[in-house]
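[1] no sequence on this one, just coordinates:
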């Protein structure tokens with residue numbers, strides 16, 4: 001079930017975000033992601049419109065919208081490949097006529113996932129925080 005984020009979800013969300021970020025972005029390094037947990041808790045999650053995928057009373061995935069930007073979509077790594085990410089992204093697409101996102105160029109599996117869901121590559125830039133190249137992708141803008 002997908003539902004709106006509640007403050008009580010924050011620790012589960014942060015755990016999913018950290019473990020999935022480390023796994024998907026090994027080229028960045030785990031120390032970088034660990035250093036961003038407080039910002040996620042105190043700045044990014046509260047500033048965005050967040051939704052969670054709940055199964056058996058546990059949060060197993062989430063996404064965040066910031067305006068027309070899909071700022072985050074993450075699924076607990078042990079549950080990836082079971083349709084949770086697809087359900088989350090389809091829910092996000094139903095809430096906006098236009099969505100943009102950024103994804104690291106080295107994250108081939110996520111790029112493929114986004115393309116499968118109708119996103120196209122618009123441009124490339126360098127992520128200011130990590131120095132790694134990333135694609136800007138959009139869906140029906």
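    Sure thing, it's come through. Please read these numbers as outputs of a predicted model, since none were measured by experiment.

[2] OK, contacts around residue 106?
    Shown in contact with residue 106 (Cβ atoms under 8 Å, 6 or more residues apart in numbering): 25, 27, 132, 133. C-betas here are computed from N, CA, C, even on glycine.

[3] For the chain, give me the ranges with low pLDDT.
    Applying pLDDT under 70 to the chain flags no residue at all.

[4] By residue count, what's the longest helix in it?
    When the chain is parsed with DSSP state H, its longest helix is helix 10-24.

[5] closest to residue 100 among the contacts of residue 106?
    The closest of the contacts of residue 106 to residue 100 turns out to be residue 133 (Cβ to Cβ; 16.7 Å).

[6] thinking again about what came up before, would you mind giving me the PyMOL syntax to select the buried ones in the contacts of residue 106?
    In PyMOL, this line selects whichever of these come out buried by 16 or more other Cβ atoms under 10 Å:
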select buried, resi 25
